[in-house]
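Novice: Provided below are the primary sequence and the corresponding predicted coordinates.
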Amino acid sequence: MIPRSPRMASLKTSPASILAKQARALRATGRDIILLSSGEIEFPTPPHVIEAGLRAAKAVPVGYTNVDGSVELKEAVRGKFARENNLCVGLEELIVCNGSKQVMFNALTATVSPGDEVIVPAPYWASYLDLATITGAVPVVVDTSAASGWKLTPHDLDRAITQRTRWVIINNPVNPTGGVYSAAELRALAAVLQHHPDILVMSDDLYEHIIFDETEFATMASAAPQMRERTLTINGVSKAYAMMGWRIGYGAGPASLIADMVKVQSQSTSNASTVSQAAAEAALNGPQDEIARRQTLLATARAHVVDAVAKIPGLSMRSPAGTFYAYISCEQLLQSSAALGRGWRTDADLARFVLDEAGVVVLPGDDCGLSPFFRINFGCSSSLLDQALDRIARAVEVASADGLDDSRLETT
């Protein structure tokens, strides 16, 4: 029998990847399945980006780049940070990785010792917990509330800090709730961290360009310049440019931290795909007007989801300020006679029913650290979204046939 590392006992496979695999398996049997649980956005990669990738793929040879990324792409990243975030960074303060998740993995591997703590606000992207665990750290989950917009408050941050705290993760906008931290809110968190000079901040800004209602984006290193020397700013091209499968993420931080992260990457994957780096360079340096157009389309989809959910008995939601996710409360539905009759106790039970009855895959709130909710992705085609929402509504109607009170929770 192959020996198993003790860390595997607490390590989980990404919930979204499990659901995506289940959806593919069901489709293979002939079932019509709509996948709304993933983090993919259903827009095409811009043509000029694809062309840049093709040109790089035809080069002879398609060689390695520097482990930390090609100079050309790092210059493009450097320009993006200066242009959009008012951050002036040197090339030695940048790393390019195989997606933003590897940026996080490299950073944690380079900095944490067994037992060090990583503060993770909930609801959260599930991978934060397991990235901490696999690198020997202890994730410390801090619950947030609707009153704060599902964002970490200075009071709750201060209470969560211990002598073992090494990192605080700030995801802005927040996956899965769509909450958006303002510059003032980030400065308030920074004021707490001023008293703890050994704590680092991991600023996950992957959804930066998916913000609605003219909300202004802010990132910690820019909003609170005194935090710059202990902040790792993480971003990528997957969401803004619909380049999920190209697998390019990048990070900016203190040169000493980046140097250690490069060491980790040099002994794991080496450089990110040379072809993908060329495409990412084209995305960052090329026309940016498509971002605004897609933002408008997503705002329309958001409004449609809010309206549709309000009409489904037992469900309610807060309109997200960012991301392409709707985090939908199913608390009333789970308290109904329909739920009791079917033996539903959790949002995972409801998610299984929606899959079985409606052929729609949603992400249970339990996988994001806050129940009873479920997350859906509205970054898909309008026809597919319409179909999915209609199926969910009909499934709830079927479940409620034995008499669900039609009163609904107020949208918070």
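Specialist: Yep, that arrived.
Novice: Every contact and neighbour count from this point should use C-alpha atoms.
Specialist: Noted.
Novice: Can you give the domain ranges for the chain?
Specialist: Partitioning the chain according to automatic domain parsing yields domains covering residues 6-44+290-399, 47-285.
Novice: Could you work out the end-to-end span of the shortest one for me?
Specialist: End-to-end span of domain 6-44+290-399 (Cα to Cα, to the nearest Å): 42 Å.
Novice: For it, what is the distance to the chain centroid?
Specialist: Centroid separation between domain 6-44+290-399 and its chain, computed with Cα atoms, centre = their mean, to the nearest Å, is 15 Å.
Novice: thinking again about what came up before, can you lay out the domains of the chain as a markdown table showing mean pLDDT and mean neighbour count?
Specialist: Shown next, in a markdown table, are the domains of the chain (pLDDT from 0 to 100; neighbours: other Cα atoms under 10 Å):
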| stretch | mean pLDDT | mean neighbour count |
| --- | --- | --- |
| domain 6-44+290-399 | 93 | 18 |
| domain 47-285 | 97 | 20 |
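Novice: so who does Ala351 touch?
Specialist: By Cα atoms under 8 Å, 6 or more residues apart in numbering, Ala351 lies in contact with Val361, Val362, Leu363, Pro364, Phe374.
Novice: between those, which is nearest Val141?
Specialist: Proximity of those to Val141 was ranked by Cα to Cα; the top entry is Pro364 with 17.5 Å.
Novice: Chain neighbours aside, what residue packs nearest to the closest one?
Specialist: Nearest residue to Pro364, sequence neighbours excluded (Cα to Cα, 6 or more residues apart in numbering): Phe374, at 4.4 Å.
Novice: And for Gly63?
Specialist: Nearest residue to Gly63 in three dimensions, chain neighbours excluded: Thr274, at 7.0 Å (Cα to Cα, 6+ apart).
Novice: before we move on, the earlier item: for my notes, confirm the residue nearest to Pro364 occurs in a strand.
Specialist: Yes: under DSSP: H, G, I helix; E, B strand; the rest coil, Phe374 sits within a strand.
Novice: Thought Ile328 was touching it, still the case?
Specialist: Yes: the criterion here is Cα atoms under 8 Å, and Phe374 meets it with Ile328 at 5.3 Å.
Novice: any idea how far Asp289 is from Thr296?
Specialist: 11 Å.
Novice: now swap in Gly99 and tell me
Specialist: Counting by Cα to Cα, the gap from Gly99 to Thr296 is 26 Å.
Novice: same thing with Leu35?
Specialist: To Thr296, Leu35 is 22 Å away according to Cα to Cα.
Novice: now for stretch 245-256, what's the gap between its first and last residues?
Specialist: Counting by Cα to Cα, the terminal residues of stretch 245-256 are separated by 30 Å.
Novice: meant to ask about stretch 220-233, not that
Specialist: End-to-end distance for stretch 220-233, by Cα to Cα: 8 Å.
Novice: outside of it, which residues touch it?
Specialist: With contact meaning Cα under 8 Å, 6+ apart, stretch 220-233 is reached by 85-87, 183-184, 186-187, 190, 199-205, 219, 251-254.
Novice: and what of stretch 8-18?
Specialist: Ser37, Ser38, Gly39, Ala126, Ser127, Asp130, Thr133, Ile134, Leu363, Asp367.
Novice: for stretch 162-176, same thing?
Specialist: With contacts defined as Cα under 8 Å, 6+ apart, stretch 162-176 is touched by 112, 115-121, 123-125, 151, 179-181, 198-208, 211, 219, 321-323, 325-327, 368, 375.
Novice: what's the spacing between it and its chain's center?
Specialist: Mean C-alpha position of stretch 162-176 versus that of the full chain (Cα atoms, centre = their mean) differs by 13 Å.
Novice: Tell me which of the contacts of stretch 220-233 fall in helices.
Specialist: The helices, defined by DSSP state H, take in Asn85, Ala183, Ala184, Leu186, Arg187, Ala190 from the contacts of stretch 220-233.
Novice: Dump those residues to a markdown table, plus distance to Thr65.
Specialist: Formatted as a markdown table, the ones in helices among the contacts of stretch 220-233 follow (distance: Cα to Cα, whole Å):
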| residue | distance to Thr65 |
| --- | --- |
| Asn85 | 26 |
| Ala183 | 36 |
| Ala184 | 39 |
| Leu186 | 36 |
| Arg187 | 37 |
| Ala190 | 36 |
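Novice: doesn't Ala132 make contact with Val138?
Specialist: Yes: at 6.2 Å, Val138 and Ala132 qualify as touching, with contact defined as Cα under 8 Å.
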